[in-house]
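Engineer: Give me coordinates for this.
(2 chains)
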2 protein chains.
Amino acid sequence: MKTLLHRRRHSLISKLSERKIDALLVTRPANWYYLAGFSGESGALVVSQKGTSLITDGRFMVQGRAEMSGIRILQQKGSLFESVGQFLKNSRFRRVGFDPSQVMVGQLQSLRKAAGARVRWIPAVDRVEGLRMSKDAPELAQMRRAAILASEVVQQAIGLLKPGIRELDVGAEIEYQMRTKGASGPAFETIVAFGERAALPHARPTAKRLRKNELVVLDLGVILGHYCSDITRTVYVGRAPKRIRTWYQAVLEAQTAAIAAAKSGAACGDVDWAARQVLAAYHLDHLFVHSTGHGLGLEVHEDPRVARGQKWRLEPGNVITIEPGVYLAGIGGIRIEDDVAIHADRTEVLTRAPRDLIEI
Amino acid sequence: MKTLLHRRRHSLISKLSERKIDALLVTRPANWYYLAGFSGESGALVVSQKGTSLITDGRFMVQGRAEMSGIRILQQKGSLFESVGQFLKNSRFRRVGFDPSQVMVGQLQSLRKAAGARVRWIPAVDRVEGLRMSKDAPELAQMRRAAILASEVVQQAIGLLKPGIRELDVGAEIEYQMRTKGASGPAFETIVAFGERAALPHARPTAKRLRKNELVVLDLGVILGHYCSDITRTVYVGRAPKRIRTWYQAVLEAQTAAIAAAKSGAACGDVDWAARQVLAAYHLDHLFVHSTGHGLGLEVHEDPRVARGQKWRLEPGNVITIEPGVYLAGIGGIRIEDDVAIHADRTEVLTRAPRDLIEI
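Structural biologist: Numbers count the residues shown, from 1 in each chain, chains lettered A, B, ... in the order given. You can find the predicted model right below:
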């Protein structure tokens, strides 16, 4: 593991030096973990050819020493960003890279003030995220486990559905099962939506009770060994009327088409288009109000985005969700989601749960 | 509720107009909820004398319409911040307030570009947070319920502790209980730390099994009706040795002293000092590696901070945690935490669980 992390830092540094960046400021927790193995909640990592340093507060010093190796740990004095600025100044770095999408306006003001006029601040967008997009073999192995765990949990949850149960009971059971199976927690707020509430793509569990003849959308993911999974299944309580069957069929075909399109070399926008085109043939594309998918890894939403017009071409090691859906105000929603890993010669579906319409 | 939210927006706007700010950009989810009742996960609220508008994406349009009243909802085209900038330009606002601690460097770049040169960007820090610090009666009622729920859950969890149980089993049970009792979820990642792991103030549950003669720190909170609670109890498995009893007694006295100091008119720094002074008398102050507490409300960490040198003077309506602790690498940790509400004439402890050392 240590060698792996060292290799990641090395590969980051060699890219930075092409742009004559002396040091990169890393402020995103998933990026610290990726580069240094630190899982604390507050701090900043400074990666440079002269070595890597973590500046953090008293709560995380013991944890930092336990989790990291070959990395200097400094305890902040005063605010984090003042301490980081001071550290950069003392280290005599001249060109410091930072990600404008991850540093607040006020934080940059503190950094500039503490680091002084000799430090130049160079925008360096998504440097670590770019590396994180290509999962290596140990990451893929972990993501397979996370996907299988989520698949088990969603199937167990479907088994609980019966008229009278509340959304929040199902949500509680889902998260309980995740944790007892070893997940450190949900990858995002579990979505359990019955009936009309299934028309909200991001509905949170409420006290609503399940009734006959309702759609149920279950969307959940786990964090297992720091990696995320994400799966959605839609169930009908009772015998689904014809139009629900047709809509379900449309979403299933759209998802199948998008998975087939998600090949190494394909543009993400084309994967999105593959799903949208199927829904258009059913005249349902206007009810598909979000994008087809997103990258998955240490975070539940990562690059690449699988959305309209996205030009990124899929590469081996990319892991994405494919999750088309249709949402009908007053009726409900239907979404089917799986996680797929892109390989040079094939696309591997990591999640493992039946995709046909389940009527209970 | 609608009148209440309208009053909050009105009070914000009247403060803004003192600084000749035409419109305030609100990008923090808890602030949207406070001002507009919107509980979606993405968007931006623009509050002005000409009215309030929410810009969000397709996922949250239905939800926004269901949750809000008297607020215009616009669906973003392209990126959120481009859309917001365009909206500000079209609305002919000249002086737009934004919070530099809540807007990323890159977001401000997008806003400036889309809004054009006629919009001036005025730093306006913690405007909504300032209002949120003073909880009104319905908020306090909700926070009492959240605190009592957390108190019940922590006591149930103590009942589960027996040698052999894993941290993650206790963590799963805690979150399950929260949800079945009506919480929408944990207010933060539940901390369950056995033995040496209790020396990490922010330990997450692992597969470690409980053994005799270990300390257990349980730190949990719930979100109930959007408001947070936060409670910590420390338990000893077996008969506590004398030095553990002394340390526990020191932390309990420190907490009691800090609660007594937390009165309307007292500076937060003095509340922190009250806890620290007791620990110093026991020669344990160097093991108290974090601050004494924090504000609590829609978010689990809010203003005011109860830390060294903080000058904010407590006012009626403030709700804070009081949570001194000592952390001994290789041995464990002891922390006791309760939530208190400040009233004009008294301090109300919202959490309700015994504070004496529990030996099981």
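Engineer: For the one residue sitting closest to the centre of chain A, list the residues it contacts.
Structural biologist: The centroid of chain A falls nearest to A:Val300 when counting by C-alpha atoms, centre = their mean (1.6 Å). Counting by C-beta atoms under 8 Å, 6 or more residues apart in numbering or on different chains, A:Val300 touches A:187-188, A:221, A:228, A:230, A:294. Using the backbone N, CA and C atoms, a C-beta is placed for each residue, glycine as well.
Engineer: low pLDDT regions in the stretch 1-150 of chain A?
Structural biologist: Residues of the stretch 1-150 of chain A that meet the criterion pLDDT under 70 lie in A:1-2.
Engineer: picking that back up, so which of the contacts of A:Val300 is surrounded by the most neighbours?
Structural biologist: Top of those by neighbour number is A:Gly221, holding 31 neighbours under the definition other C-beta atoms under 10 Å in any protein chain shown.
Engineer: That one reaches A:Val153, doesn't it?
Structural biologist: No - counting by C-beta atoms under 8 Å, A:Val153 is not a contact partner of A:Gly221; they are 9.2 Å apart.
Engineer: Would you state the helices of the stretch 251-360 of chain A in chain order?
Structural biologist: Using DSSP state H, counting those that start in this stretch, the helices found in the stretch 251-360 of chain A span residues A:268-281.
Engineer: What about A:Gly293, how many residues nearby?
Structural biologist: Neighbours of A:Gly293 (other C-beta under 10 Å): 28.
Engineer: if I look at the closest residue to it other than its chain neighbours, how far off is A:Asn318?
Structural biologist: Nearest non-adjacent residue to A:Gly293, counting by C-beta to C-beta, 6 or more residues apart in numbering or on different chains: A:Val306, 3.7 Å away. To A:Asn318, A:Val306 is 10 Å away according to C-beta to C-beta, to the nearest Å.
Engineer: Name the residues contacting each of the two.
Structural biologist: Residues within reach of A:Val306 and of A:Asn318 at once, by C-beta under 8 Å, 6+ apart, are A:Gly295.
Engineer: Nearest residue to A:Ala257 in space, please, no chain neighbours.
Structural biologist: Closest to A:Ala257 by C-beta to C-beta, 6+ apart is A:Ala274, at 4.4 Å.
Engineer: Just the buried residues of the helix or strand hosting A:Ser14, please?
Structural biologist: Element membership of A:Ser14, judged by DSSP states H and E, is helix A:2-18. By neighbour count on 16 or more other C-beta atoms under 10 Å in any protein chain shown, the buried set for helix A:2-18 is A:5-6, A:8-9, A:12-13, A:16.
Engineer: mind giving me TSV with the residues you listed and columns for distance to chain B?
Structural biologist: Shown next, in TSV, are the buried residues of helix A:2-18 (distance: C-beta to the nearest C-beta, whole Å):
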residue	distance to chain B
A:Leu5	20
A:His6	25
A:Arg8	23
A:Arg9	24
A:Leu12	20
A:Ile13	23
A:Leu16	19
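Engineer: Closest one to B:Pro205 out of the residues you listed, please.
Structural biologist: Relative to B:Pro205, the closest of these is A:Leu5; by C-beta to C-beta it sits at 24.1 Å.
Engineer: how near is the closest residue to A:Asp22 other than its chain neighbours to chain B?
Structural biologist: Leaving aside its chain neighbours, A:Asp22 sits nearest to A:Phe93 (4.4 Å; criterion: C-beta to C-beta, 6+ apart). In this view, A:Phe93 and chain B are 19 Å apart by C-beta to the nearest C-beta, to the nearest Å.
Engineer: hang on, A:Phe93 packs against A:Ser48?
Structural biologist: Yes - A:Phe93 is within contact range of A:Ser48, at 6.7 Å (criterion: C-beta under 8 Å).
Engineer: sorry, back to before: give me the neighbour count for the residue nearest to A:Ala257.
Structural biologist: Residues lying near A:Ala274 (other C-beta under 10 Å) number 22.
Engineer: just A:Pro123 next, same as before
Structural biologist: Counted with other C-beta under 10 Å, A:Pro123 comes out at 13.
Engineer: give me the number of residues near the residue nearest to it when sequence neighbours are not counted?
Structural biologist: Among residues not flanking A:Pro123 along the chain, A:Pro100 sits closest, at 5.1 Å (C-beta to C-beta, 6+ apart). Using other C-beta under 10 Å, A:Pro100 is surrounded by 18 other residues.
Engineer: what about A:Pro100, which SS state?
Structural biologist: Following DSSP: H, G, I helix; E, B strand; the rest coil, we place A:Pro100 in the coil state.
Engineer: and it, what does it touch?
Structural biologist: Contacts of A:Pro100 by C-beta under 8 Å, 6+ apart are A:123, A:125, B:104-106, B:109.
Engineer: ok, 10 Å please
Structural biologist: A:108, A:121, A:123-125, B:104-110 (C-beta atoms under 10 Å, 6 or more residues apart in numbering or on different chains).
Engineer: What about these, which one has the most neighbours?
Structural biologist: B:Gln107 (24 neighbours).
Engineer: measure it to B:Thr27 for me?
Structural biologist: Distance, B:Gln107 to B:Thr27, by C-beta to C-beta: 8 Å.
Engineer: Quick check, A:Asp57 in contact with A:Gln75.
Structural biologist: Yes - A:Asp57 is within contact range of A:Gln75, at 6.7 Å (criterion: C-beta atoms under 10 Å).
Engineer: Mind checking which of these two has more residues around it?
Structural biologist: Ranked by neighbour count (other C-beta under 10 Å), A:Asp57 and A:Gln75 place A:Asp57 first, with 19 against 14.
Engineer: what's near enough to touch that one?
Structural biologist: A:40-43, A:75-77, A:79-80, A:83, B:289-291.
Engineer: Strands of the stretch 51-200 of chain A, residue ranges please.
Structural biologist: A:51-56, A:71-75, A:95-98, A:120-123, A:185-186, A:191-194 (DSSP state E, counting those that start in this stretch).
Engineer: Identify the residues contacting the shortest one?
Structural biologist: I take that to be strand A:185-186. Contacts to strand A:185-186, defined as C-beta under 10 Å, 6+ apart, come from residues A:150, A:153, A:171, A:174-175, A:178-179, A:220-224, A:228, A:300, B:168, B:171-172, B:175, B:185-186, B:189-190, B:204-205.
Engineer: count of residues packed around A:Ala137?
Structural biologist: The burial count for A:Ala137: 8, using other C-beta under 10 Å.
Engineer: re earlier: measure the residue nearest to A:Pro123 to B:Gln142 for me?
Structural biologist: Taking C-beta to C-beta, one finds A:Pro100 at 38 Å from B:Gln142.
Engineer: Check the gap between the residue nearest to A:Pro123 and B:Gln109 for me.
Structural biologist: 7 Å.
Engineer: what sits in contact with each of these two?
Structural biologist: Residues touching both A:Pro100 and B:Gln109 by C-beta under 10 Å, 6+ apart: A:Pro123.
Engineer: A:Glu173 against A:Arg179, yeah?
Structural biologist: No - the pair A:Glu173 / A:Arg179 is not scored as a contact, 11.1 Å apart, by C-beta under 10 Å.
Engineer: Neighbour count: the two, which is higher?
Structural biologist: Ranked by neighbour count (other C-beta under 10 Å), A:Glu173 and A:Arg179 place A:Arg179 first, with 25 against 21.
Engineer: thought that one was touching A:Thr190?
Structural biologist: No - using C-beta under 10 Å, A:Arg179 is not in contact with A:Thr190, being 11.9 Å away.
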